[in-house]
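Asker: structure for this input, please:
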Amino acid sequence: MTNPKFQIGEKVYHITPESDQGVVLDCTFSMRKGYWLYLVTFGPEKDSMDYYEDELSTSKTF
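Answerer: Down below sits the predicted model:
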């Protein structure tokens, strides 16, 4: 099993330029598929969603 790229509570951005800052709420590793999935919220009025590692970044994309 690989270590997660992001930790619970870490601030992240979606890779789209218009992304707000989000927070990782949970992370799950699929041993069968071999990847991490991150539950991220981008604000109290927005639904939390699952994202793959390559969809998230610690810095904003411009």
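Asker: pull the number of nearby residues for V24.
Answerer: The number of residues packed near V24 is 20, by other Cβ atoms under 10 Å. (C-beta placed from N, C-alpha, C; glycine too.)
Asker: please disregard the earlier target; I meant Y38.
Answerer: The burial count for Y38: 24, using other Cβ under 10 Å.
Asker: is it bridged to anything, and to what?
Answerer: On the basis of DSSP bridges, Y38 is bridged to C27, Y51.
Asker: next, the contact list for it, please.
Answerer: By Cβ atoms under 8 Å, 6 or more residues apart in numbering, the contact set of Y38 is P4, F6, V12, V24, D26, C27, D50, Y51, Y52, E53, L56.
Asker: what does whatever helix or strand V23 lives in contact?
Answerer: For V23, the element it lies in under DSSP states H and E is strand 21-30. Contacts to strand 21-30, defined as Cβ under 8 Å, 6+ apart, come from residues 1-2, 4, 6-14, 35-43, 48, 60.
Asker: please redo it, this time with the cut-off set to 7 Å
Answerer: 1, 4, 6-13, 36-42, 48 (Cβ atoms under 7 Å, 6 or more residues apart in numbering).
Asker: and stretch 2-20, how far out from the chain middle?
Answerer: Taking Cα atoms, centre = their mean, to the nearest Å, one finds the center of stretch 2-20 at 4 Å from the center of the full chain.
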